[in-house]
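1. would you be able to build a 3D model of this:
(one chain, ligands or ions: 1)
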Amino acid sequence: MINVKSLTAVLVSALILGVLYLCNSLSYSRTSPQQNITPNNITPKNRLSADVNAMSNEVHLVAPDHLQYEQPSIVQGRTDVVTVTPWMAPIVWEGIFNPVLLDGIYKPKNITIIATVFAVGNYIRFLKKFLETAEQHFFVGFKVHIYVFTDRPNEVPQVTMASGRQLMVRLVPSSKRWQEISARRMELIQILIEEQLPNNRNYIFCLDVDSEFHGRWGSESLGGLVAVTHPGYYRDARSNFPYERRPSSRAYIAPGEGDFYYCGGAFGGLLQEVHQLAKTCRHNFEADAKEDIEAAWQEESHLNRYMWINKPSKVLSPEYLWQDFKPRNPEIHIVRFSGVVKNYAEIRPNP
Ligand code: UD2
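-> Residues are numbered from 1 along each chain as shown. This next block holds a predicted model:
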């Protein structure tokens with residue numbers, strides 16, 4: 001026999017549960033724009049907004065809605081090169097990424113790619129080709145803001161830029177020493193990020209001007225901290241890298257230490273990361289200078305030490321900074337960006 005007390009308790013509990021369920025459904029229907037979707041009517045064009053996490057940070061990659069792209073494989077691909085560092089950062093080579101998929105992921109994030117380029121003194125002559133080829137190959141279809149630092153603003157060439165792409169010119173002093181021009185870039189990049197660029201999740205690449213783009217440089221290169229392996233040393237033993245070898249310098253790396261030899265002519269990443277890099281390299285360069293030490297390859301030496309300690313989250317192969325005078329090695333399937341052949345005696349302010 002059911003006792004009346006238990007029956008009442010069961011009925012009251014059922015009533016409370018019913019009310020809670022109703023409230024829950026009502027609140028869901030108020031906040032969800034897709035209230036009528038049932039599992040049967042989720043068509044390819046009709047996915048639940050709850051499926052997509054709108055966080056726009058760099059590690060969270062949202063698949064483009066039903067974009068068709070080649071099936072990826074984990075057993076087939078490049079076997080002639082290493083595509084991941086020992087600290088598990090990708091090493092980017094032609095053939096390991098899908099540009100259509102990557103652009104589909106990064107374009108909706110509405111990011112701006114900032115590029116800095118220095119054209120001081122005679123190096124202004126390289127700017128036109130740099131800018132023209134950037135239009136053809138560098139983050140095509142993205143918002144791109146190029147900052148040109150020069151002492152000759154009147155000689156900045158007019159280059160037609162696609163919509164969403166802009167050129168900004170910053171005046172900098174000239175110098176009698178090329179080493180100073182090259183090294184001071186860290187200071188000026190640090191100041192640019194602090195003063196001109198809002199603290200957001202945009203990306204920046206800092207590039208040598210005496211270079212041209214020849215192939216795609218795009219969203220596959222995005223990462224927190226991005227370094228490019230130097231074309232001259234990527235096959236060498238680290239004992240042969242031209243790291244700074246004097247322990248008295250803050251750029252010192254001992255023989256038997258270090259990972260790769262990275263270029264000073266191309267690096268980048270998220271603004272906050274590059275700010276930290278530029279600030280540290282500038283500080284160490286200036287502290288060395290007070291003790292009358294200039295690292296073997298100026299800011300490039302300091303960058304190499306920084307990147308050894310603070311591992312880049314993405315490493316770009318030498319496709320991303322080749323040198324025109326070098327014959328292509330077989331693993332280089334494409335040259336995307338390359339330093340032009342130049343006559344140092346003719347263009348530099350000092351030997
Ligand atoms: C290497 C690096 C460079 C830098 C340098 C050491 C590469 C490909 N290049 O190149 O980035 O680390 O070693 O200091 O990794 N500049 C001027 N006016 C000048 C001199 C230099 O604007 O009178 C700027 C310009 O943007 C140029 C950059 O500084 O591209 C580097 O100078 P460089 O190209 O003469 O240095 P280089 O060839 O020794």
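
2. got the residues of this structure near the ligand?
-> Residues of the chain lying close to the ligand by CB under 6 Å from any ligand atom are 118-121, 123, 178, 181-182, 208-210, 263-265, 297-300, 321, 339, 348-349. Bear in mind the C-beta positions are built from the backbone N, C-alpha and C, glycine included.

3. again, only using 5 Å
-> By the rule CB under 5 Å from any ligand atom, the part of the chain lying against the ligand is 118, 120-121, 123, 178, 181-182, 208-210, 263-265, 297-298, 300, 339.

4. now, those residues that are in strands?
-> Phe118, Cys263, Gly264, Gly265, Gly339 (DSSP state E).

5. in JSON lines, list those residues along with distance to Phe241, neighbour count and pLDDT.
-> Formatted as JSON lines, those follow (distance: CB to CB, whole Å; neighbours: other CB atoms under 10 Å; pLDDT from 0 to 100):
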{"residue": "Phe118", "distance to Phe241": "24", "neighbour count": "25", "pLDDT": "97"}
{"residue": "Cys263", "distance to Phe241": "12", "neighbour count": "26", "pLDDT": "97"}
{"residue": "Gly264", "distance to Phe241": "13", "neighbour count": "23", "pLDDT": "97"}
{"residue": "Gly265", "distance to Phe241": "16", "neighbour count": "21", "pLDDT": "97"}
{"residue": "Gly339", "distance to Phe241": "18", "neighbour count": "21", "pLDDT": "98"}
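
6. of all those residues, which comes closest to Asn200?
-> Phe118 (23.7 Å; CB to CB).

7. where's the nearest residue to Val159 once chain neighbours are set aside, which helix or strand?
-> The shortest distance from Val159 to any non-neighbouring residue, by CB to CB, 6 or more residues apart in numbering, is to Leu131 (4.3 Å). Using DSSP states H and E, Leu131 falls within helix 127-137.

8. now swap in Phe205 and tell me
-> strand 203-207.

9. now the helices for this structure?
-> 4-31, 99-106, 127-137, 178-195, 271-290, 298-309, 344-347 (DSSP state H).

10. may I see the buried residues of the fifth one?
-> Okay, so that is helix 271-290. 271-282, 284-285, 288 (16 or more other CB atoms under 10 Å).

11. find the pair from these with maximum spatial separation.
-> By the measure CB to CB, Leu271 and Asp288 form the most distant pair in the buried residues of helix 271-290, at 25.7 Å.

12. just to revisit the earlier point, for the helix holding Leu131, packing partners?
-> Packing partners of helix 127-137 (3 or more CB pairs under 8 Å, 6 or more residues apart in numbering; DSSP states H and E): strand 112-119, strand 143-150, strand 211-213.

13. tell me which residue of the stretch 251-351 of the chain lies closest to the ligand.
-> Relative to the ligand, the nearest point of the stretch 251-351 of the chain is Gly264 (2.2 Å; CB to the nearest ligand atom).

14. tell me the contacts of that residue?
-> If you count contacts by CB atoms under 8 Å, 6 or more residues apart in numbering, Gly264 has them with Ser182, Asp208, Trp297, Gln298, Glu299, Glu300, Leu303.

15. residues near the closest residue to Lys176 other than its chain neighbours, how many?
-> Distances taken as CB to CB, 6+ apart place Pro349 nearest to Lys176, at 5.3 Å, with adjacent residues excluded. Per other CB atoms under 10 Å, the neighbour tally for Pro349 reads 16.

16. wait, doesn't Pro349 sit right on Ser182?
-> No. Pro349 sits out of contact with Ser182 when judged by CB atoms under 8 Å, with a separation of 11.3 Å.

17. just for this protein, where's the confidence low?
-> 1-59, 198-199 (pLDDT under 70).

18. which of the helices and strands packed on helix 127-137 is buried the deepest?
-> Highest mean neighbour count of the helices and strands packed on helix 127-137: strand 112-119, a mean of 24 (counted as mean count of other CB atoms under 10 Å).

19. helices or strands next to it in the packing?
-> Against strand 112-119 (3+ CB pairs under 8 Å, 6+ apart) you get helix 127-137, strand 143-150, helix 178-195, strand 203-207.
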